[in-house]
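Asker: Mind looking at a prediction? Sequence and model below.
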Amino acid sequence: MPLSRRGSGSITLASGQTLAIHTRTHDEEDLPHATKKTMADHLRKYEALFTLTPQRMRMIVEAFKEALELGLEKPSQVVPMIPTFVFGWPTGKETGDFIAVDLGGTNLRVCLVTLQGDGKFEITQSKYRLTEEQKQDDGQKLFDFCAECLRTFIDTNSSEPDGVLTPGEILPLGFTFSYPCTQERIDHGVLIRWTKGFGSPNTEGRDVAAMFNESIEKYQLPVKLTALINDTTGTLIASHYVNPRTKIACIFGTGCNAAYMEHVRDSDKIKSMGITDDVDMAINCEWGAFDSFVHEHLPRTKYDIIVDESSNKPAEQSFEKLISGRYLGEILRLVICELVDEGVLFLGQNTYKIEKPYVIDTAFLSLMESDPTDELLMIIGIFNHFFALETTLAERQFFRALAKLIGRRAARLSACGIAAIVSKMGYLDEGCSVGADGSLYNKYPGFADRIHEGLQDIFGEKGRNIVTHHAEDGSGVGSAIIAAMTKIRKEAGLYPNV
């Protein structure tokens with residue numbers, strides 16, 4: 001290959017060997033680097049691109065609110081507002097043993113949850129790592145893997161002296177499937193589309209509960225799939241179980257989503273299912289799809305557009321692609337690569353390692369923001385260890401400031417989604433708690449504080465009435481509680497067909 005503009009490349013020798021070479025325009029001790037002033041000039045440009053004003057946030061909230069209401073009126077909308085068939089809040093009297101299986105974006109988790117009543121529970125769990133190959137393999141093979149792991153978990157716990165899984169026992173199973181599905185009943189769900197980087201063929205448009213049941217029967221497992229839920233719905237129910245002030249639940253992690261409890265009387269779509277006006281039902285918003293296809297409301301930069309167009313689902317999940325942990329590192333990487341191409345960064349150094357998509361993990365942004373040292377030694381380590389690149393202090397200060405801009409935008413956009421639900425449901429004056437979970441919320445420095453700051457920018461002082469807190473385990477405990485609620489509801493003859 002020819003030498004790149006960055007002074008590195010390779011040539012093929014007559015013997016067939018490849019020789020990597022580097023050219024420098026200065027001596028080794030005097031590598032050309034961007035100056036503090038140069039980086040400050042560039043930072044101003046990115047500040048303008050990634051900063052959300054309170055006025056723009058309020059405009060987004062109004063558009064978001066309209067999208068939520070449209071999704072409640074009609075089926076097949078961009079923000080689908082999916083009925084979950086989870087009726088009302090838990091009473092706290094739910095008891096018994098339940099299995100929860102959670103197919104997440106990174107891991108498969110299997111849990112045994114013992115509900116003890118009065119908001120108390122015990123949980124035993126195991127995690128199984130999902131490979132990238134499994135995420136793209138045939139859909140039925142994916143569910144076979146889930147069944148294999150469930151078999152391993154059951155065998156392990158049944159063989160323990162104090163194991164509660166006894167021979168012949170059939171346990172209700174709550175299946176947390178955190179991808180948008182349409183549901184006609186709680187133990188059914190047709191996958192609308194894969195998100196979070198999944199692409200398993202022969203799955204979209206099919207009933208994933210039926211596919212999992214096929215695998216359960218194949219492995220002769222002593223469970224009955226009672227409820228198919230989204231992790232956000234589980235988070236809503238589990239968080240309210242412990243803290244009754246919780247009215248909304250959100251996930252800010254590999255993906256992003258929200259759930260809340262809606263009045264059936266306010267949804268034409270749910271009323272058309274024969275559900276009476278006087279009950280409430282949890283709604284899985286699937287709000288990561290907000291502003292997809294049309295791109296009228298969100299402040300997308302050219303970097304966001306590149307992320308979108310190069311994704312496995314172009315034009316979809318527009319809100320998620322500005323917020324979720326899967327994409328924030330890639331946005332930062334695209335800015336860095338643009339400055340490399342412009343001859344601003346890493347002159348005379350071989351940058352091929354950083355030119356590979358998604359090599360910058362969002363965890364790197366967390367580390368950059370939280371680096372406590374004057375010399376930003378953490379950032380030195382990241383670029384040196386992972387990308388074999390030397391950095392100056394000016395460059396490191398720029399990287400940290402850029403990470404902060406991207407992370408802050410994500411949090412403020414997250415606040416817009418919360419504000420849309422708060423505004424729609426009229427929760428502002430009395431206030432409410434928002435159960436929040438996911439790696440961004442739990443691990444990214446200042447993410448929660450920036451959400452609260454954003455809510456105050458949108459609502460003024462009343463924004464302080466909306467408080468986020470670390471959510472209870474929705475995909476484990478929440479799934480089990482919903483399985484218990486469903487069992488009780490059906491045994492009581494309340495909407496037994498859904």
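Answerer: The structure has been received and is ready for your questions. Numbers count the residues shown, from 1 in each chain.
Asker: Am I right that Val113 sits in a strand?
Answerer: Yes: using DSSP: H, G, I helix; E, B strand; the rest coil, the assignment for Val113 is a strand.
Asker: burial of the closest residue to it other than its chain neighbours, as a residue count?
Answerer: Sequence neighbours aside, Ala480 is the residue nearest to Val113 in space, at 3.6 Å (criterion: CB to CB, 6 or more residues apart in numbering). Every residue, glycine included, has its C-beta placed from N, CA and C. For Ala480, the neighbour count with other CB atoms under 10 Å is 34.
Asker: Check the gap between Ala480 and Ile99 for me.
Answerer: Distance of Ala480 to Ile99, given as CB to CB, to the nearest Å: 8 Å.
Asker: Is it correct that the residue nearest to Val113 is in contact with Cys111?
Answerer: Yes: between Ala480 and Cys111 there is a contact under CB atoms under 8 Å: 7.2 Å.
Asker: How confident was the prediction at the residue nearest to Val113?
Answerer: If you check Ala480, the pLDDT there is 92.
Asker: in what helix or strand does it lie?
Answerer: Assigned by DSSP states H and E, Ala480 belongs to helix 479-491.
Asker: Likewise for Gly348?
Answerer: Gly348 belongs to no helix or strand, assigned by DSSP H and E.
Asker: Any idea how many residues pack against it?
Answerer: So Gly348, with other CB under 10 Å, has 18 neighbours.
Asker: gap between it and Glu390?
Answerer: Where Glu390 is concerned, Gly348 sits at a distance of 10 Å (CB to CB).
Asker: overlap in contacts of Ala480 and Ile99?
Answerer: Counting by CB atoms under 8 Å, 6 or more residues apart in numbering, the contacts common to Ala480 and Ile99 are 111, 113, 174.
Asker: who touches the closest residue in space to Gly476 that isn't next to it in sequence in this structure?
Answerer: Setting aside the residues directly before and after it, Gly476 is nearest to Cys111 in space (CB to CB, 6+ apart), at 4.1 Å. By CB under 8 Å, 6+ apart, the contact set of Cys111 is 99-102, 123-125, 476-477, 479-480.
Asker: Redo those as TSV? Include distance to Gly435.
Answerer: Listed next are the contacts of Cys111 as TSV, based on distance: CB to CB, whole Å:
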residue	distance to Gly435
Ile99	23
Ala100	17
Val101	21
Asp102	16
Ile123	17
Thr124	23
Gln125	19
Gly476	14
Val477	12
Ser479	14
Ala480	16
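Asker: quick one: which of these is nearest to Leu455?
Answerer: Ranked by distance to Leu455 (CB to CB), these are led by Val477 at 26.8 Å.
Asker: Compute the number of surrounding residues for the nearest residue to the closest one once chain neighbours are set aside.
Answerer: Once flanking residues are discounted, Val477 sits nearest to Ala238: 4.6 Å by CB to CB, 6+ apart. As a burial measure, Ala238 scores 30 neighbours (other CB under 10 Å).
Asker: residue boundaries of the helices in the stretch 301-450 of the chain?
Answerer: 302-309, 318-323, 328-341, 362-370, 377-387, 393-425, 439-443, 447-459 (DSSP state H, counting those that start in this stretch).
Asker: Which among these is found nearest to Ala147?
Answerer: helix 439-443 (26.9 Å).
Asker: Contacts for the closest one next, please.
Answerer: 250, 252-254, 323-325, 328, 362-363, 366, 410, 447-448, 468, 470.
Asker: CA-only coordinates of it, as CSV, when you get a sec.
Answerer: The C-alpha coordinates for helix 439-443 follow below in CSV (Å, rounded to 0.1, in the frame of the first residue of the first chain):
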residue,chain,number,x,y,z
SER,A,439,-24.3,0.8,32.1
LEU,A,440,-24.4,4.5,31.1
TYR,A,441,-26.6,5.4,34.1
ASN,A,442,-24.7,3.3,36.6
LYS,A,443,-21.1,3.8,35.4
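Asker: List the buried residues in it.
Answerer: Neighbour counts over helix 439-443 (16 or more other CB atoms under 10 Å) mark 439-441 as buried.
Asker: Using CSV, write down the CA coordinates of the helix or strand that contains the residue nearest to Val477.
Answerer: Ala238 belongs to helix 231-242 when assigned by DSSP H and E. C-alpha atoms of helix 231-242 as CSV (Å, rounded to 0.1, in the frame of the first residue of the first chain):
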residue,chain,number,x,y,z
ASP,A,231,-36.4,-5.4,30.6
THR,A,232,-37.7,-1.9,30.9
THR,A,233,-41.1,-3.2,31.8
GLY,A,234,-39.5,-5.5,34.4
THR,A,235,-37.5,-2.5,35.7
LEU,A,236,-40.7,-0.5,36.1
ILE,A,237,-42.5,-3.2,38.1
ALA,A,238,-39.4,-4.2,40.2
SER,A,239,-38.7,-0.6,41.1
HIS,A,240,-42.3,0.2,42.1
TYR,A,241,-42.3,-3.1,44.1
VAL,A,242,-39.5,-1.5,46.3
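Asker: Quick one: list the elements packing against that helix.
Answerer: strand 82-87, strand 171-177, strand 246-252, strand 256-263, strand 280-284, strand 432-437, helix 479-491 (3 or more CB pairs under 8 Å, 6 or more residues apart in numbering; DSSP states H and E).
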